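*Asks:* 3D model of this:
(chains A and B)
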Amino acid sequence: MQLSTSFAVWLTAGMTLAIYSGVYKENPFYRLVEHIYVGVSAGNGVVATIDNYIRPTIQIDIAKNGTWTYLIPIFIGLFVYARYSKNRKINWLSRIPLAFWVGIGSAVVITKTFKANFISQITATFLPAVTNDPLTMFNNILMIVGVISVLSYFFFTFEMPRPLKVIPKFGRYIMMIGFGAAYGNTVLSRISVLLGRLQFLLGNWLGIIQTRV
Amino acid sequence: MSFWHKLNQMDSRIIYTALLLVLIGALIFPMGLPINIGTSSQAAYDIFNHFKAGDILYVSFDYDAAGATDIQSSVEACIRLVFKNGGRVAAGALWPIGAQQAEYLFRDMLKEFPDLVEGVDYLNLGYKPGGQMYIEKAMDNIAEACANVDNAGRNLSQSPIMKDLKTLKDAAAVICGNHGSPGASEWVPMYATAYAVPNKIPFVVCASAVNATINAPYVQSGQITVYLNGIRAGAEMEILTGQLGTAVAGMDAQSLSHLLVLALMVLGNISYFMVKRENKAKKEA
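*Replies:* Predicted coordinates:
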């Protein structure tokens, strides 16, 4: 056992323990560290954006390279703050940059996201129901039946006749298996977060375990 | 109050304590439970083990410290293979903390590969805002998408690696370390579907396990070439690369904690039905 001598490690360990103390009971240490975390995250995001993107865009692209056209979107972008004005003659200006955002967002969805999340997903279910490999054949049939039955569960136009009701019911079971898989992966992920912290506390801080095998 | 009633109303802090004891116990006294290599990890190993000298891997660190336990080991193993084969690595980040994760990783890599030169063999482009828009711009011009500076604020024209990485299309493979949005859900439409799939460029996602069901349809459709799921995939990659680290060290604890959760779920369900039966019996009496 070799305790860390680093101030940063001790500070991190203290904050980790303070955050996890909230699991036992609400307390001032938990609240303090929670607020520090939110503040630091927000501050880091703002500084990183200014330092890595806004400042170099102004210094290099506009001032040095002379790409003055960048000033047009910057100028239009500033209009978004007009919504805070109480003067009705001004605050409508905020709609102009919002209109650009909506337009660009729609264009991206239609041109890229629609294909990736809709067309490609549909074509991926066009699978051969008969193959030489029995396992592939089973997988393909399960996929086809699963997709059809789950889609039928969300068919609300009219009530299905009694013999066909088994299809959406099967779809519901398929979805429940999906939810179970999602829950299992969530447990895996959340325990990993705790595991990472414990490896830090027991390894880097207290020196009881080796974090590298 | 019967045993089943008490179990049904158990204080959640008892569960937390039990989980903590299991995890600490498994970390201090590891049992070395077997870890089998899955097909996804093997596929990722094959891709990066055959990386050619000089080829560039682009890695997007789209995660923070919370996702690092799940993701960093997989990303690290892939990058290790690339450096081992003489490849080069450019790192970007769609999350502000992602740039720091890249710094930590390169710092560790320098201990293993001391001859690596920043700007020549690897470069941290840093955090760039915009998500989908950044990827879309980087498909045409990475330097412009990065406002011409790397994470340290240096002009990208000073880095030799950038002469061979004008656009994302110049990368021989792309890895997305995914812990949420922006992440794989942005990379799949903007890069994978638009470019990687038609040109057969490997697009590998190393994700935290919580994202598995969201990303699974992209794996089935082939939009994600290889999917490395959580710490388990990290452990497999560490075994394949022969450099055992935090993921392998944590797998015993992970497996035992899952057994505990499973046992509690079974007990919870039994107690639910037992209490129901007891209440019914009481009513009938």
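
*Asks:* helices and strands of chain A: which one bottoms out on pLDDT?
*Replies:* helix A:88-91 (a mean of 87; mean pLDDT, DSSP states H and E).

*Asks:* next structured bit after that one?
*Replies:* Next in sequence after helix A:88-91, counting helices and strands by DSSP states H and E, comes helix A:95-108.

*Asks:* can you pull out the strands in chain B?
*Replies:* With DSSP state E, the ranges of strands along chain B come out as B:56-62, B:88-93, B:122-127, B:173-178, B:203-207, B:226-229.

*Asks:* next, the contact list for the nearest residue to B:Gly234 once chain neighbours are set aside, please.
*Replies:* In space, B:Gly234 comes closest to B:Ser73 once its chain neighbours are excluded; the distance is 3.0 Å by CB to CB, 6 or more residues apart in numbering or on different chains. Where C-beta positions appear, they are placed from N, C-alpha and C, glycine not excepted. Contacts here follow CB atoms under 8 Å, 6 or more residues apart in numbering or on different chains; on that basis B:Ser73 touches B:Ile231, B:Gly234, B:Ala235, B:Met237, B:Glu238, B:Gly245, B:Thr246, B:Ala247.

*Asks:* still on that earlier bit, so how far is the least confident helix or strand of chain A off the chain centroid?
*Replies:* Remark: helix A:88-91 is offset 36 Å from the chain centroid, using CA atoms, centre = their mean, to the nearest Å.

*Asks:* cool, and stretch A:7-18?
*Replies:* Stretch A:7-18 sits 27 Å away from the centroid of its parent chain (CA atoms, centre = their mean).

*Asks:* CA atoms of it as PDB?
*Replies:* Taking Å, rounded to 0.1, in the frame of the first residue of the first chain, the C-alpha atoms of stretch A:7-18 are listed here in PDB:
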ATOM      1  CA  PHE A   7      -2.400  17.000  -4.400                       C
ATOM      2  CA  ALA A   8      -4.400  16.600  -7.600                       C
ATOM      3  CA  VAL A   9      -5.000  12.900  -6.800                       C
ATOM      4  CA  TRP A  10      -6.100  13.700  -3.200                       C
ATOM      5  CA  LEU A  11      -8.400  16.500  -4.500                       C
ATOM      6  CA  THR A  12     -10.000  14.100  -7.100                       C
ATOM      7  CA  ALA A  13     -10.400  11.400  -4.500                       C
ATOM      8  CA  GLY A  14     -12.100  13.700  -2.000                       C
ATOM      9  CA  MET A  15     -14.500  15.000  -4.700                       C
ATOM     10  CA  THR A  16     -15.200  11.400  -5.800                       C
ATOM     11  CA  LEU A  17     -16.100  10.400  -2.200                       C
ATOM     12  CA  ALA A  18     -18.200  13.600  -1.800                       C
END
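
*Asks:* my guess is B:Ile56 contacts B:Lys169. True?
*Replies:* No: if you go by CB atoms under 8 Å, B:Ile56 and B:Lys169 don't touch, sitting 10.9 Å apart.

*Asks:* and the two? which has more neighbours close in?
*Replies:* B:Ile56 (21 against 15; other CB atoms under 10 Å in any protein chain shown).

*Asks:* so how far is B:Gly153 from the more buried one?
*Replies:* Distance, B:Ile56 to B:Gly153, by CB to CB, to the nearest Å: 22 Å.

*Asks:* and the contacts of the strand or helix carrying A:Leu142?
*Replies:* Using DSSP H and E, A:Leu142 sits in helix A:134-153. Residues outside helix A:134-153 that contact it (CB under 8 Å, 6+ apart) are A:125, A:127-131, A:160, A:167-168, A:170-172, A:174-175, B:220.

*Asks:* nearest to A:Phe200, of the residues you listed?
*Replies:* B:Gln220 (35.9 Å; CB to CB).

*Asks:* burial measure for B:Leu57, as a count.
*Replies:* Using other CB under 10 Å, B:Leu57 has 25 neighbouring residues.

*Asks:* need the contact list for it.
*Replies:* Counting by CB under 8 Å, 6+ apart, B:Leu57 touches B:48, B:51, B:78-79, B:82, B:87-90, B:171-175.

*Asks:* scan the residues you listed and report the most crowded one.
*Replies:* B:Ile175 (30 neighbours).

*Asks:* now do the contacts for A:Val9.
*Replies:* Contact partners of A:Val9, counting by CB under 8 Å, 6+ apart, are A:Asn204, A:Trp205.

*Asks:* just checking, A:Phe155 touches A:Pro168?
*Replies:* Yes: counting by CB under 8 Å, A:Phe155 touches A:Pro168, with 7.1 Å between them.

*Asks:* in terms of neighbours, single out the busier of the two.
*Replies:* Neighbours per residue (other CB under 10 Å) separate A:Phe155 from A:Pro168, with A:Pro168 holding more: 16 against 13.

*Asks:* phi first, then psi, for that one.
*Replies:* phi -60, psi -30 (degrees, to the nearest 10).

*Asks:* B:Gly245 too?
*Replies:* phi -140, psi -150.

*Asks:* right, and it touches B:Val75 too?
*Replies:* No: using CB under 8 Å, B:Gly245 is not in contact with B:Val75; the gap is 11.8 Å.

*Asks:* more neighbours, these two?
*Replies:* B:Val75 (26 against 20).

*Asks:* for the more buried one, list the residues it contacts.
*Replies:* B:Val59, B:Phe61, B:Leu105, B:Ile175, B:Gly177, B:Cys206.
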